[in-house]
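In: Structure, please.
(one chain, ligands or ions: 1)
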Amino acid sequence: MLFLAAAFIVAFVLLLYMVSPLISPKPLKLPGAHVVVTGGSSGIGKCIAIECYKQGAFITLIARDENKLLQTKKEIEKYSVNDKQVVLCISVDVSKDYEQVENVLKQAQEKLGPVDMLVNCAGTSVTGKFEDIEVNCFERLMAVNYLGSVYPSRAVIATMKERRMGRIVFVSSQAGQLGLFGYTAYSPTKFALRGLAEALQMEVKPYNIYVTVAYPPDTDTPGFAEESKTKPLETKLISETSSVCQAEQVARVIVKDAIQGNFNSSVGSDGYMLSILTSGMSPVTSITEGLQQVVCMGIFRIVGLFYLGSFDSIVRRCMMQREKSESADKTE
Ligand SMILES: NC(=O)c1ccc[n+]([C@@H]2O[C@H](COP(=O)([O-])OP(=O)(O)OC[C@H]3O[C@@H](n4cnc5c(N)ncnc54)[C@H](OP(=O)(O)O)[C@@H]3O)[C@@H](O)[C@H]2O)c1
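Out: Residues are numbered from 1 along each chain as shown. Okay, the predicted model is just below:
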């Protein structure tokens, strides 16, 4: 029995090595490449644009607020590595009208050439208890976070397929890997990106196009500061169980993974564990990644169950405290 198990493991590892040349993409060369970043005027998107610009890319920034875009353009230009580099700004809402998004991306491609890498980073968040969130917030978040990634990707995919090259990045969230208290409107929009990414990757892989889904942890950005103002106590306490990352660090990891063509992009030890735990039937881009998933899945599930238990107890404690103070108020 032991011999059979050992033989199975050896055969599995050999098989993985045999298929390795088929699964490892060639890294994308950023110098001279055209990188489009939606949500590029702030937070993680801005840092991704800076990181790509520092590596010699031409940048198109997409967001709604023109002033913020121009300010960011000036900031990015400080990092130029050659005098030919350009930062183009486009003001458009990525979630409203597909034809408008398609048109502006056409114009960007006429100016800076076909898109080599598209980073879908525009996004927003609302937290609160399910019954307290306005119904239109569910619709708005799905429009911005999900459709706002579908539209730009749909607008560039035909050219990428013709050129048989390209990278598409979807910026999801750790809340797109597990559902947490307070995120009933946000989490589903980020889970949806994973489904889109898996299906799209299978379609475009033969065209040498690689899709990356990034799962950032809590990251210090203007968006995060805004979200924190209205977070329920439970969500705050659960979030505090891990630290807040810097946007520059998150951006560096996302850019590196996108260049390599890695499907999963995570930051830190919690991010690593979550990515292994939720790997399911997602594509792998290296043998080591596949092996790590096979070996670590079981043990990480045990650790994950402890986390879930502690989150449940936070929620229960908050509920009991709330009920206690409500009944004290009534008796007064
Ligand atoms: N910060 C975190 O803790 C965290 C964690 C996990 C995942 N994420 C995800 O990472 C992404 C960036 O987050 P962030 O914290 O860096 O956010 P941020 O600082 O608020 O920046 C959001 C960017 O998206 C743009 N944007 C928003 N709605 C848009 C729309 N409808 N059309 C075009 N552009 C739009 C914003 O510019 P305008 O407002 O001018 O349009 C801005 O440039 C989001 O998808 C977020 O869900 C963030």
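In: Output the below-cut-off pLDDT ranges for the chain.
Out: For the chain, the stretches with pLDDT under 70 are 13, 16-23.
In: Close to the ligand: what parts of it are there?
Out: Contacts of the chain with the ligand, taken as C-beta under 6 Å from any ligand atom, map to 38-39, 41-45, 63-65, 68, 93-95, 121-125, 144, 148, 171, 173, 216, 218-219, 221-224. From N, CA and C alone the C-beta is placed, and that goes for glycine too.
In: what packs against the longest helix belonging to the chain?
Out: The helix spanning the most residues in the chain, taking DSSP state H as the definition, is helix 287-331. Counting contacts by 3 or more C-beta pairs under 8 Å, 6 or more residues apart in numbering; DSSP states H and E, the secondary-structure elements packed against helix 287-331 are helix 2-23, helix 233-239, helix 268-277.
In: Adding mean neighbour count, write those helices out as a markdown table.
Out: Below are these laid out as a markdown table (neighbours: other C-beta atoms under 10 Å):
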| stretch | mean neighbour count |
| --- | --- |
| helix 2-23 | 11 |
| helix 233-239 | 19 |
| helix 268-277 | 18 |
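In: Compare those and give me the one nearest Asn208.
Out: helix 2-23 (12.3 Å; C-beta to C-beta).
In: Tell me the helix or strand right after the closest one.
Out: Remark: after helix 2-23, the chain's next helix or strand is strand 34-38, criterion DSSP states H and E.
In: Mind listing what's buried along the next helix or strand after that next one?
Out: Moving toward the C-terminus from strand 34-38, the next helix or strand (DSSP H and E) is helix 43-54. Of the residues in helix 43-54, those buried under the neighbour-count criterion (16 or more other C-beta atoms under 10 Å) are Gly43, Ile44, Gly45, Lys46, Cys47, Ile48, Ala49, Ile50, Glu51, Cys52, Tyr53.
In: hang on, the earlier thing: specify the stretch among the helices and strands packed on helix 287-331 that is closest to Gly195.
Out: By C-beta to C-beta (comparing all of the helices and strands packed on helix 287-331), the closest turns out to be helix 268-277, at 16.0 Å.
In: The closest one to helix 287-331, inter-axis angle?
Out: Interaxial angle, helix 268-277 versus helix 287-331 (axes from the mean of the first three to the mean of the last three C-alpha atoms, to 10 degrees): 110 degrees.
In: Would you list the phi and psi of the residue of the stretch 51-200 of the chain found nearest the ligand?
Out: The stretch 51-200 of the chain approaches the ligand most closely through Gly123 (2.1 Å), counting by C-beta to the nearest ligand atom. For Gly123, the backbone dihedrals (degrees, to the nearest 10) come out as phi -170, psi 170.
In: Helix, strand or coil: sort out the nearest residue to it once chain neighbours are set aside for me.
Out: The spatial neighbour of Gly123 that comes closest, neighbours along the chain excluded (C-beta to C-beta, 6 or more residues apart in numbering), is Asn145 at 4.7 Å. Of the three states, Asn145 takes helix under DSSP: H, G, I helix; E, B strand; the rest coil.
In: gap between Asn145 and Leu237?
Out: 24 Å (C-beta to C-beta, to the nearest Å).
In: Please apply the same query to Lys129.
Out: Using C-beta to C-beta, which is the criterion applied here, Lys129 is 14 Å from Leu237.
In: same deal with Val253?
Out: Here the distance between Val253 and Leu237 works out to 26 Å (C-beta to C-beta).
In: Could you report the neighbour count for the residue nearest to Gly123?
Out: 27 (other C-beta atoms under 10 Å).
In: Pull the contacting residues for it.
Out: Gly123, Thr124, Tyr186, Thr189, Lys190, Ala192, Leu193 (C-beta atoms under 8 Å, 6 or more residues apart in numbering).
In: C-terminal to the helix or strand where the fourth one lies, what's the next element?
Out: It stands for Thr189. In the assignment (DSSP H and E), Thr189 maps to helix 187-204. Secondary structure here is assigned by DSSP H and E; on that basis, the next helix or strand after helix 187-204 toward the C-terminus is strand 209-215.
In: Parallel or antiparallel, list what pairs with that next one.
Out: Strand partners for strand 209-215, identified by DSSP bridges, are recorded as strand 166-171 (parallel), strand 264-266 (parallel).
In: Now do the longest one against strand 34-38, angle only.
Out: In terms of direction (the same axes, to 10 degrees), strand 166-171 departs from strand 34-38 by 20 degrees.
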